[in-house]
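[1] just coords:
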């Protein structure tokens, strides 16, 4: 993996120090916070001072006998609370240990190194790639993995020597770790924004329809508003982008909504409705024919991937018109570039959105056919994690997406 996760964070705070800050801000007392975290008062003062250096702002101030969070302190505390909450997972409680009633094992006993190793393992899939991304040795990464296994009392890796992967418990730890790290990264970003520095990073997952118009146009608007912003556009299958979203390595997915497949941890919001049409190149034998539906089976097809909502529409069409892949072949792809290339160079047919190929239609290169379709309408929108609290860059991107959706 070429780019480490959360690269904008200059330094990582100690988890115990974040817990100390959270308690102090809630109790308005550093003394009581020190008692609950089981450290001395001088050590607590040093910990808060170190956090202030890491985040570049004073976090607590003395008002009489109370320790009150500064505006910056409240911001960091809110993100720290969310980060620590991600690390409290009852499913990771070991079944046969004295601490089995606790669900905060990761919060109390893991380090930032442990969290970063697990987060990167979920993305890279190997200890060697994780070590390279962290600038550490592979042996140190393996030690961190062993530490995490001791903390939760369960194996986090499974499989043989050459094909090891995260276990179910390991995947849960990786997800918790990734989301916690993302909250800390967002705390840094929001503090920079308070100083007028808008150089945050936003990772946008774009599904096929969204890549052609709505995402590029919203990105142009966003860069005008935030010239120093760093944007990454991810493409790939829905499953790939969803995996990244759940790991905090993608902030939002834009494209066809799954609706009936949406899970409890996801929030979907509609932007606009889109309609699929059967299309062909200009000059295709079926162009302009009122009875074109009778001969759909006489030509090869470029079909959506099996995981795409548009595939259901094609499957219904194939069933109605006996579009057998054995007769004339099929090309299965989610790549608009490949689809367009094959479509323009052959007599193949495809199901496409008019928004995806508006340029080709304007230029007279691709033509929609007169074919009735069942269930051809799709809802296009955004998918995010429930409970996610976006920063300014993310919020404005969603606003620009809505504006662009309204102009389609």
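    Perfect, I can see it now. Everything numeric in this text was worked out from a predicted model, so none of it was measured.
[2] element containing residue 277, please.
    Using DSSP states H and E, residue 277 sits within strand 266-281.
[3] List the buried residues of that strand.
    Neighbour counts over strand 266-281 (16 or more other Cβ atoms under 10 Å) mark 266, 271, 272, 274, 276, 277, 278, 279, 280, 281 as buried. For the C-beta atoms, the positions are set from N, CA and C on the backbone; glycine is no exception.
[4] Lowest-confidence one in the residues you listed?
    Lowest pLDDT of the buried residues of strand 266-281: residue 274, 89.
[5] show me the contacts for it.
    Residues near residue 274 by Cβ atoms under 8 Å, 6 or more residues apart in numbering: 209, 256, 353, 355, 377, 378, 379, 380.
[6] Residue 131 too?
    Applying Cβ under 8 Å, 6+ apart, the residues near residue 131 are 137, 138, 140, 141.
[7] now residue 167
    Residue 167 makes contact with 154, 155, 156, 157, 158, according to Cβ under 8 Å, 6+ apart.
[8] with these in mind, which one is nearest to residue 51?
    Closest approach between those and residue 51, by Cβ to Cβ: residue 156, at 28.6 Å.
[9] for the closest residue to the closest one other than its chain neighbours, helix, strand, or coil?
    In this structure, residue 156 finds its nearest non-sequential neighbour in residue 170, 3.2 Å apart by Cβ to Cβ, 6 or more residues apart in numbering. With DSSP: H, G, I helix; E, B strand; the rest coil as the basis, residue 170 sits in helix.
[10] which parts of whatever helix or strand residue 121 lives in are buried?
    For residue 121, the element it lies in under DSSP H and E is helix 112-124. By 16+ other Cβ under 10 Å, the buried positions in helix 112-124 come out as 112-124.
[11] and what of stretch 169-185?
    Result for stretch 169-185 [16+ other Cβ under 10 Å]: buried residues 169-185.
[12] which other residues reach that stretch?
    Where contact means Cβ under 8 Å, 6+ apart, the residues beyond stretch 169-185 that reach it are 5-6, 8-9, 12-13, 18, 79-80, 82-84, 86-87, 89, 91-92, 106, 110, 114-116, 118-119, 121-122, 148, 152, 154-158, 166, 201, 246-249, 385.
[13] returning to what we had before: can you list the buried residues of helix 112-124 in CSV and add pLDDT?
    As requested, those are exported to CSV (pLDDT from 0 to 100):
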residue, pLDDT
112, 94
113, 94
114, 96
115, 96
116, 95
117, 96
118, 96
119, 95
120, 95
121, 94
122, 93
123, 91
124, 90
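[14] follow-up on the earlier one: per-residue confidence for the residue nearest to residue 156?
    93.
[15] For residue 157, see how far away it is.
    6 Å (Cβ to Cβ, to the nearest Å).
[16] Equivalent analysis for residue 380, please.
    39 Å.
[17] These two - which one has more neighbours?
    residue 380 (22 against 17; other Cβ atoms under 10 Å).
[18] just checking, next helix/strand downstream of the helix or strand hosting that one?
    Using DSSP H and E, residue 380 sits in strand 377-385. Per DSSP H and E, the first helix or strand lying C-terminal to strand 377-385 is helix 392-406.
[19] List the contacts of residue 322.
    residue 297.
[20] From residue 295, how far out is it?
    To residue 295, residue 322 is 11 Å away according to Cβ to Cβ.
[21] rewinding a little: partner strands of the strand holding residue 380 and their direction?
    Counting by DSSP bridges, the strands paired with strand 377-385 are strand 252-256 (antiparallel), strand 266-281 (antiparallel).
[22] got the contact list for stretch 224-236?
    8, 197-208, 211, 215, 219, 222-223, 240-241, 244, 250, 393, 396.
[23] chain center to it, what's the gap?
    14 Å (Cα atoms, centre = their mean, to the nearest Å).
[24] Can you give me the buried ones in it?
    Applying 16+ other Cβ under 10 Å to stretch 224-236 flags 226, 229, 231, 234, 235 as buried.
[25] Identify each buried residue in stretch 367-376, please.
    Those buried within stretch 367-376 under the rule 16+ other Cβ under 10 Å are 367, 369, 371, 373, 376.
[26] And that stretch, how far out from the chain middle?
    On Cα atoms, centre = their mean, the centre of stretch 367-376 falls 33 Å from the chain's centre.
[27] Can you measure across that stretch, start residue to end residue?
    17 Å (Cα to Cα, to the nearest Å).
[28] same thing with stretch 302-313?
    Its start and end residues considered, stretch 302-313 measures 13 Å (Cα to Cα).
[29] Now do that stretch, average pLDDT.
    On average, stretch 302-313 scores 88.
[30] Which residues does it contact?
    By Cβ under 8 Å, 6+ apart, stretch 302-313 touches 208, 237-239, 256-258, 276, 314, 330-334, 339, 342-343, 348-351, 373-376, 378.
[31] out of those residues, which are buried?
    Looks like the contacts of stretch 302-313 have 208, 238, 256-258, 276, 314, 330-331, 333-334, 339, 342-343, 348-351, 373, 376, 378 buried, using 16+ other Cβ under 10 Å.
[32] Please point out which parts of the helix or strand encompassing residue 315 sit buried.
    Take DSSP H and E as the rule and residue 315 turns out to sit in helix 309-321. Going by neighbour count (16+ other Cβ under 10 Å), the buried part of helix 309-321 is 309, 310, 311, 313, 314, 317, 318.
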